[in-house]
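Engineer: Sequence first, then the predicted structure, then my questions.
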Amino acid sequence: MRILGIETSCDETAAAVVKDGARILSNIIASSAEMHAKTGGVIPEQAARQQLISIIPVIDKAIKESGQNYQYIDALAVTAGPGLIGSLLVGVETAKTLACVWNKPIIPVNHLLAHVYANWLTDRPADDNRQSTPDFPALALVVSGGHTDLVILKGHGQIGWLGGTRDDAAGEAFDKTARLLGLPYPGGPSIAAEAAKFTINNSQFSIHLPRPMINEDNFDFSFSGLKTAVLSRVKEQDRPTRFVESRRAGRAGGKRVKEINTSQFAYEVQEAICDCLVAKTLKAVKKFKPKSLLLAGGVAANSRLREKFQLEIGSSSLEIKFYVPPPKLCTDNAACVASYADFNYSPIPWKNIKANPELTIVGEA
Ligand code: KG4
Ligand code: ZN
């Protein structure tokens, strides 16, 4: 089956054609992130306008690059939520229109579950079977800009929610602390790039941030304290005579930070977030003993997070296969939307599909 996926939940406009839930025939992504970098974050109204401009060209390109025309598409899949209402509506209403005009089935998809299915995707040729697919039961950590959830999948469509963030999401923690440090939006990649400049051996390590809830006996997370801790450390350092005016800070509209410490701050922010995510996830692995561990969502693109999981699993006696999609498939894309729809094929009449910005993963469990 060939499914055309459409994703417009935030500032990416994406369309992809995926065969049998796994093979990517095309994967087109237009992003308005550069525009939002100028204001230090997404302005929903502007994101929605950009979605409108990009949606038809992106879908058109995805169909052309798949080497087919629309007649060969068996079904459409569209992100119904969660996300920004203006952005979601563009994708949802476009997909409904196409389903109606083309007379094809359409499947509404939960964006958070779609992220998980990036672990089933491959762009390798059809005769290359090197990539294995995850076995069930699988434990998934979904870490995006707005959500942090730990879920167990007993099979396709059989989901149990184990825990999640009680306040800020992991991606939000990256974005907000980056802003405090004067680093540009989106904060995750900026913090990662800044942290990479820090060499622990050559510097005095003087910044220690909390790892909230890391030892608590649950599968929840809390990241808002981290933002407050960074803010108070930044204020402590805020001695005007020692300040270096950073061009970055001006652009991002963030605080000016004594330049010498920005990379150390970024390093410690990244360590703190990753430590909490790894500790709680592996606690769940020990308790539920799944066969596979799946990382998903934009924050899963973080190399340090991927490395920490690999190191911890490698040095433990845990028998688990660890999956993490290539970075481009961790952040928002439509290929994973199409993949989810294939493995959880449940079309509904197009008239009944509604954008729902508040959709959660809990509701699916
Ligand atoms: O899944 P995603 O693309 O969109 C949402 O569904 O929210 O995730 C976006 C989030 C942002 O908070 C961004 O800062 C974060 O993912 N992110 C990263 C990295 N790349 C994107 N966080 C840490 N390291 C990265 N390399
Ligand atoms: Zn996302």
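Structural biologist: Received it, and whenever you're ready, just let me know what you need. Numbers count the residues shown, from 1 in each chain. Ligands and ions are numbered 1, 2, ... in the order given.
Engineer: count of residues packed around the closest residue to ligand 2 within the stretch 1-150 of the chain?
Structural biologist: Nearest residue of the stretch 1-150 of the chain to ligand 2: Ser144, at 4.2 Å (Cβ to the ion). Using the backbone N, CA and C atoms, a C-beta is placed for each residue, glycine as well. The local packing of Ser144 (other Cβ atoms under 10 Å) involves 26 other residues.
Engineer: Then Leu153?
Structural biologist: With other Cβ under 10 Å as criterion, Leu153 counts 21.
Engineer: pretty sure the residue of the stretch 1-150 of the chain closest to ligand 2 is in contact with Gly297, am I right?
Structural biologist: Yes. Contact criterion Cβ atoms under 8 Å: Ser144 and Gly297 qualify, at 3.7 Å.
Engineer: Give the residues shared as contacts by those two.
Structural biologist: By Cβ atoms under 8 Å, 6 or more residues apart in numbering, Ser144 and Gly297 have these common neighbours: Leu112, His115, Gly171.
Engineer: Now which of these would you call buried?
Structural biologist: Neighbour counting by 16 or more other Cβ atoms under 10 Å classes Leu112, His115, Gly171 among those as buried.
Engineer: Just to check, the second one is in contact with Leu141?
Structural biologist: Think His115. No. Between His115 and Leu141 there is no contact under Cβ under 8 Å: 10.2 Å.
Engineer: Overlap of the contact sets of those two?
Structural biologist: Contact criterion Cβ under 8 Å, 6+ apart; residues shared by His115 and Leu141: Ala296.
Engineer: which non-adjacent residue is nearest the residue of the stretch 251-365 of the chain found nearest ligand 2?
Structural biologist: Nearest residue of the stretch 251-365 of the chain to ligand 2: Asp332, at 4.5 Å (Cβ to the ion). Counting by Cβ to Cβ, 6 or more residues apart in numbering, Asp332 lies nearest to Glu12, which is 4.1 Å off, once chain neighbours are set aside.
Engineer: Pretty sure that neighbour sits against Glu34.
Structural biologist: No. Contact criterion Cβ under 8 Å: Glu12 and Glu34 do not qualify, at 11.8 Å.
Engineer: quick check, distance from stretch 346-363 to the centre of its chain.
Structural biologist: 19 Å (Cα atoms, centre = their mean, to the nearest Å).
Engineer: What residues sit buried inside it?
Structural biologist: Neighbour-count burial for stretch 346-363, with 16+ other Cβ under 10 Å as criterion, is recorded at Pro347, Trp350, Ile353, Ala355, Asn356, Pro357, Leu359, Thr360, Ile361.
Engineer: so can I have TSV of the residues you listed showing secondary structure, distance to Tyr72 and pLDDT?
Structural biologist: Formatted as TSV, the buried residues of stretch 346-363 follow (DSSP: H, G, I helix; E, B strand; the rest coil; distance: Cβ to Cβ, whole Å; pLDDT from 0 to 100):
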residue	secondary structure	distance to Tyr72	pLDDT
Pro347	coil	17	98
Trp350	helix	20	98
Ile353	coil	23	98
Ala355	coil	27	98
Asn356	coil	30	98
Pro357	coil	33	97
Leu359	coil	30	95
Thr360	coil	35	93
Ile361	coil	32	89
